[in-house]
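Asker: Make a model of this:
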Amino acid sequence: MNSPISFDPAALAGLPLDCVRLRFFDVDVRIRTDSALFANLFRQMYRHFLTDGDPAGPPFQVVFLTAAASPWGSPALVLNGDVQLLNASPAPDGYIYESIFSAIIGRVRSHFLIHAGVVARDGQGVIISADSGHGKTTLVLELVRRGFDFLSDELAAISTAGSRVAPFPRSFRLRPGTLERVGLAHLRRDAPLWLGKYLLDVDTIRPGSLGGPAALRHVIFLHHPAADDPPPGAERELHVLLSHLPDGLAARVAQIEGVRRVTVDEDRGYPRLRLHAADRMAALARIESLCRAEGVFVVDVIKRQSAPADFSGPVAAQPIPASQAALELLRRFEPGHKSALLHADFGGNPTRLFLKLAEHLQSVRCWRMSVGPLPDMAGQVEQLLAAPDRA
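Answerer: Sure, this is the predicted structure:
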């Protein structure tokens, strides 16, 4: 294992560093970098998080240095004093961004942060959760186009103090073809492309559609039986993008228990491992361990379903118990095991966190909605909100 690298903030004195000031709920962040492109990326994606105010406490300090400014001679990422040298060339943008993002949201204690979209209408907050390829982002866009308030396409921020959702208005990151499906193809022309996706702020899509905090009234899980209900023990596909691929790493991954059918190709200019595993989380943990030992950065992880959703079937929503919904949301708890909320407020016990989350869902209507044609899905959401509240 490599020895820790010491970091002296005085080494930054005199460097022409840009500073981006952000606030994520109860966490203030300062990002300093000599890369104008990197600073502008965060300013664009997190425009609604920018702040000029004084932090309530010591801010979380992030430093990203290109090789030209780095005292170590290679690109470096410093997270609250912990130094990571990025020896890959070029430095992997996706890994840098995800490392910073994960470190920030892992410090948030005021909200449960769930990977999901959120919209609202007439004060009713709606969480829309789905695995990749089920149309979550497309449905959120369509609902915004129909007049819903936008709160988030990235994270559902459920207050730990009660059943309310707060905005998390990061810019949309849209796959090619998404804007065309909602009749907004003209917006693609001026949208910057980053890591294969278009970046668009909600104010560009529909000015004035950014909403405020709302009472959580509905949680909807998008579901496709052919993709989501494989036989017990069936293998699931996993794609892992790496900064680089040393000789022999793919063979070592193939030796992990439960991993089969490992192949290598390329995605977005990075080597990609494609594999199947019955337990994807366990397999991913072992892959990450192997990568750390080799000095390889995991740029992105994509969990593929056994069959793609085809959106041709009928759309229907079936109620599910709050406890089942809480389990599904906990599976998508974005900060994961490194969460400050989990450790500081729940003693590191996921069961206690689950019970509090389930408590917040007791007055919430929870649904499993089959995917189908986009107009039908959006219409079903509108019908759910129009139905009388249960007693």
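
Asker: can we go C-alpha only for contacts and neighbour counts from here?
Answerer: Fine.

Asker: I'd say residue 206 and residue 146 touch.
Answerer: No - the pair residue 206 and residue 146 fails to qualify as a contact (C-alpha atoms under 8 Å) at a distance of 9.8 Å.

Asker: Neighbours of residue 36, how many?
Answerer: Residues lying near residue 36 (other C-alpha atoms under 10 Å) number 10.

Asker: contacting residues for it?
Answerer: residue 18 (C-alpha atoms under 8 Å, 6 or more residues apart in numbering).

Asker: next SSE after the host helix or strand of residue 356?
Answerer: Using DSSP states H and E, residue 356 sits in helix 350-360. Next in sequence after helix 350-360, counting helices and strands by DSSP H and E, comes strand 365-370.

Asker: in its sheet, what does that next one sit against?
Answerer: Strand pairing for strand 365-370, using DSSP bridges, gives strand 214-223 (parallel), strand 317-319 (antiparallel).

Asker: Only C-alpha atoms, please: export it in PDB.
Answerer: C-alpha atoms of strand 365-370 as PDB (Å, rounded to 0.1, in the frame of the first residue of the first chain):
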ATOM      1  CA  ARG A 365     -48.600   6.800  -0.900                       C
ATOM      2  CA  CYS A 366     -46.200   4.300  -2.400                       C
ATOM      3  CA  TRP A 367     -46.500   2.700  -5.900                       C
ATOM      4  CA  ARG A 368     -44.900   0.300  -8.300                       C
ATOM      5  CA  MET A 369     -45.700   1.600 -11.800                       C
ATOM      6  CA  SER A 370     -45.100  -0.500 -14.900                       C
END
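
Asker: List the contacts of that strand.
Answerer: For strand 365-370, contacts defined as C-alpha under 8 Å, 6+ apart pick out 217-225, 313-322, 325.

Asker: on that earlier part again, average pLDDT across the helix holding residue 356?
Answerer: Helix 350-360 shows an average pLDDT of 94 in the prediction.

Asker: in the one helix or strand residue 328 maps to, what's buried?
Answerer: In the assignment (DSSP H and E), residue 328 maps to helix 322-331. Across helix 322-331, burial judged by 16 or more other C-alpha atoms under 10 Å covers 322-323, 325-326, 329-330.

Asker: Pipe those residues into JSON lines and attach pLDDT per row.
Answerer: Compiled in JSON lines, those are given as follows (pLDDT from 0 to 100):
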{"residue": "322", "pLDDT": "94"}
{"residue": "323", "pLDDT": "93"}
{"residue": "325", "pLDDT": "95"}
{"residue": "326", "pLDDT": "95"}
{"residue": "329", "pLDDT": "94"}
{"residue": "330", "pLDDT": "92"}
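
Asker: farthest-separated two in the residues you listed?
Answerer: Pairwise distances across these (C-alpha to C-alpha) peak at 12.0 Å, for the pair 322 and 330.

Asker: what about residue 63, neighbour count?
Answerer: Using other C-alpha under 10 Å: residue 63 sits among 23 other residues.

Asker: Need the phi and psi values for it.
Answerer: phi -130, psi 130 (degrees, to the nearest 10).

Asker: Surely it touches residue 38?
Answerer: No - counting by C-alpha under 8 Å, residue 38 is not a contact partner of residue 63; they are 11.0 Å apart.

Asker: Spit out the contact partners of residue 94.
Answerer: With contact set as C-alpha under 8 Å, 6+ apart, residue 94 has these partners: 195, 299-300.

Asker: Name the residues of the one helix or strand it maps to that come out as buried.
Answerer: Assigned by DSSP H and E, residue 94 belongs to helix 93-105. Neighbour-count burial for helix 93-105, with 16+ other C-alpha under 10 Å as criterion, is recorded at 94-96, 99-100, 103-105.

Asker: still on that earlier bit, and the helix holding residue 328 with strand 214-223, angle?
Answerer: Angle of helix 322-331 versus strand 214-223, following axes from the mean of the first three to the mean of the last three C-alpha atoms, to 10 degrees, is 80 degrees.

Asker: ok, residues contacting the following helix or strand past helix 322-331?
Answerer: Scanning forward in sequence from helix 322-331 by DSSP H and E, the next helix or strand is helix 340. With C-alpha under 8 Å, 6+ apart as the test, helix 340 has contacts from 106-109.
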